[in-house]
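[1] sequence below, structure please.
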Amino acid sequence: MKKVLITGANKSIGFETTRQLLQKGYYVYLGSRNLANGLEAVEKLKAEGLNEVEAIQIDVSNQASVDAARAEIGKKTDVLDVLINNAGISGGLPQTATGTDIAVFQKVFETNLYGVVRVTRAFIDLLQSAPQPRIVNVSSSMASLTLNSDPSWPFYHHKGAAYLPSKTALNMYTVTLAYELRDTPFKVNAIDPGFIATDFNNHRGTGSVEEAGARLVKYATIGDDGPTGRFFSEENNPATGEIPW
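    Next comes the predicted model:
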């Protein structure tokens, strides 16, 4: 049975992604910053008959928490097949380039970029033990420099001075990581789940968590002929899924 760790998985897109991977026969370590919330999420899934899941406390913005999660999972398995870096924060919107306090930038980057780096570094050895390791970094079409520079893009006027750069930086980390692992079985991609109605955006999104979960699962389970080091947003490009950086 393949094993996956999903950060920020106790609700919304992470929770639905957990559900869909469980339905596909994966064993899921459901990462949650608050353990009580994670345990509650696990009970909901088990009530649906999805039992191959357990909660793991992990605050991606805290190195000690990440190290403790690595130690805990390491007691249970020598192999991790998939890592989905899903945990993320907006930092509160709106965010102007001249008016947003530096503390907001630091907080957003601490989770959205440094958190991904922490977790990836902590679990890379378990992933390297898997025959077909996959890393999915949950990004956003808002990270695209090209789209954000195009006045005809529907979301052109939706800027966020801290959030957008944090995801753009995440994309570059994804490219660099994929390049470093290019001669291995790894597949590493940045995936935009879409503009999804969750509490992240006060439920203003137009897509469903089911759609978002399916997009993440698609790239978490790609075959050996699948892409690596790419940026996909099926909402913005239904034809091929790939969008410009």
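
[2] this protein: strands as residue ranges?
    For the chain, applying DSSP state E gives strands covering 3-6, 27-32, 53-57, 82-85, 134-138, 187-191, 231-232.

[3] show me the contact partners of the last one.
    Yep, that's strand 231-232 we're talking about. If you take C-beta atoms under 8 Å, 6 or more residues apart in numbering as the criterion, strand 231-232 is touched by 139, 143-144, 171, 174, 189-192, 215, 219, 241-245. For the C-beta atoms, the positions are set from N, CA and C on the backbone; glycine is no exception.

[4] in ChimeraX, how would I select the buried members of those residues?
    Restricted to buried positions by 16 or more other C-beta atoms under 10 Å, the ChimeraX selection for the contacts of strand 231-232 reads:
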select :139,143,144,171,174,189,190,191,192,215,219,241,243
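
[5] tell me who's in contact with the closest residue to Pro227 other than its chain neighbours.
    The shortest distance from Pro227 to any non-neighbouring residue, by C-beta to C-beta, 6 or more residues apart in numbering, is to Asn189 (6.3 Å). For Asn189, the contacting residues are Ile135, Val136, Asn137, Thr174, Ala178, Tyr219, Pro227, Thr228, Gly229, Arg230, Phe231, Phe232, by C-beta under 8 Å, 6+ apart.

[6] on that earlier part again, how about the strands of the chain in TSV, adding mean pLDDT and distance to Ala47?
    Listed next are the strands of the chain as TSV, based on pLDDT from 0 to 100; distance: least, C-beta to C-beta, whole Å:
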stretch	mean pLDDT	distance to Ala47
strand 3-6	98	19
strand 27-32	98	14
strand 53-57	98	12
strand 82-85	98	23
strand 134-138	98	26
strand 187-191	98	28
strand 231-232	98	33
